[in-house]
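Chemist: Below are the sequence and a predicted model; questions follow.
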Amino acid sequence: MTLEEAARQLYVLPPQQFTAARDARAAEAKSTGDAAMAASVRSLRRASASAWAVDLLAREAPDDLAALAGLGDRFRTAQSDGDRAALSALTRDRKEALAALVSRARLLASDAGHPLSAAALAEVDQTLRAAVADATAALAVRSGRLVRALAADGLEEADLTDAVAGPAPEGVAPARLRAASAAAPSAVDGGEGEAGPASGGRSGARDRKEARKAAAEAARRAAEQAAADAEHEADDAEAALAEVDERATRLAHDRDDVLGQLRRLRDEFAAAERRGAELDDREKFLTRERRRAAADAAAARQAATRARAALD
């Protein structure tokens with residue numbers, strides 16, 4: 001299995017399951033003697049909640065993402081041609097396509113047991129808009145290995161630095177996925193012993209400048225990683241909160257149903273008690289009536305007996 005295939009499988013797992021699955025896959029590669037593959041897999045970073053949802057779209061709705069990329073191509077053509085009518089129609093198409101895909105991402109995440117927060121859904125929309133605005137961003141989105149959200153306004157290219165895990169997707173220049181590295185110091189062209197102290201001083205100054213630049217870049221990347229980790233934790237907390245809210249809502253509905261059933265049972269019980277009391281009263285009345293009728297019958301029988309005796 002290639003690194004790209006392993007990454008595509010890992011990045012459709014919910015972010016909370018990613019680290020354990022990644023480490024297990026790395027250990028498996030190491031056990032087979034593929035140390036390079038194990039190291040590459042272990043270096044994969046966990047995706048943000050929004051990037052994970054876009055990766056789900058890449059797996060479950062690849063044709064829709066391809067259509068979105070095609071929409072972006074037509075958009076750029078219409079902009080180049082200054083075709084206002086086409087741009088107006090394409091704007092409506094983009095709005096509908098984005099709404100459908102964001103809704104699909106929300107459902108996929110919910111079905112996977114990890115509902116997206118409002119902030120994550122906004123990032124999904126932002127990333128899909130970048131896919132429309134930037135053809136290369138569209139390739140990154142369709143890779144299924146997106147690690148973070150993207151942004152593009154159509155005026156400048158989307159920043160794809162560290163946005164895709166594993167090798168660069170086909171059609172994407174690897175340089176666009178890597179942070180800019182410090183340029184190597186250029187040699188000073190001095191001939192015949194002319195590279196004297198002044199030349200060495202200039203080279204040393206450039207070295208120090210590049211070192212400071214590299215240190216600043218490393219600090220920036222570290223800060224971005226810390227922010228990304230904090231965003232992951234916030235997304236997890238918001239997703240957990242959304243799940244608890246959903247469960248609480250279902251519980252409230254179930255409680256209302258039970259209370260409604262209890263009220264109906266109480267009403268039925270009260271009606272049954274009233275009906276029982278009415279039947280008790282009716283039974284007592286009929287018992288009294290029976291006693292009177294029995295007494296009247298006995299008296300009539302005795303009168304008949306006396307009358308027959310008188311005839312005899």
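Modeler: Nice, thanks for sending it over. Numbers count the residues shown, from 1 in each chain.

Chemist: Report the buried residues of stretch 11-19.
Modeler: When burial is assessed from 16 or more other CB atoms under 10 Å, stretch 11-19 yields the following buried residues: 11, 12, 13, 14, 15, 16, 18. For the C-beta atoms, the positions are set from N, CA and C on the backbone; glycine is no exception.

Chemist: Tell me who's in contact with the last one.
Modeler: By that I understand residue 18. 10, 11, 46, 47 (CB atoms under 8 Å, 6 or more residues apart in numbering).

Chemist: helix or strand for it, which one?
Modeler: Element membership of residue 18, judged by DSSP states H and E, is helix 15-31.

Chemist: ditto for residue 63
Modeler: Counting by DSSP H and E, residue 63 is found in helix 62-81.

Chemist: now do residue 266
Modeler: Following DSSP H and E, one finds residue 266 within helix 197-311.

Chemist: which residues are contacting stretch 124-132?
Modeler: Under the contact criterion CB under 8 Å, 6+ apart, stretch 124-132 has outside partners 50-51, 53-54, 65, 68-69, 71-72, 75, 94, 98, 101-102, 105-106, 116, 137-138, 140-142, 146, 149-152, 158.

Chemist: How about stretch 21-39?
Modeler: 3, 6, 10, 13, 41, 42, 44, 46.

Chemist: Between these, identify the one with the most neighbours.
Modeler: Neighbour counts for these (other CB atoms under 10 Å) peak at residue 41, which has 26 neighbours.

Chemist: For residue 5, see how far away the closest residue to that one other than its chain neighbours is.
Modeler: Nearest residue to residue 41, sequence neighbours excluded (CB to CB, 6 or more residues apart in numbering): residue 26, at 4.2 Å. Residue 26 sits 14 Å away from residue 5, going by CB to CB, to the nearest Å.

Chemist: who has more neighbours, the two?
Modeler: For the pair residue 26 and residue 5, the greater number of neighbours falls to residue 26 (21 against 10), based on other CB under 10 Å.

Chemist: For residue 80, give its distance to residue 158.
Modeler: As it turns out, when the distance is counted by CB to CB, residue 80 lies 19 Å from residue 158.

Chemist: In terms of neighbours, single out the busier of these two.
Modeler: The neighbour comparison of residue 80 against residue 158 (other CB under 10 Å) goes to residue 158, with 24 against 8.

Chemist: where in the stretch 101-250 of the chain is pLDDT low?
Modeler: Along the stretch 101-250 of the chain, segments meeting pLDDT under 70 span 154, 179-243.
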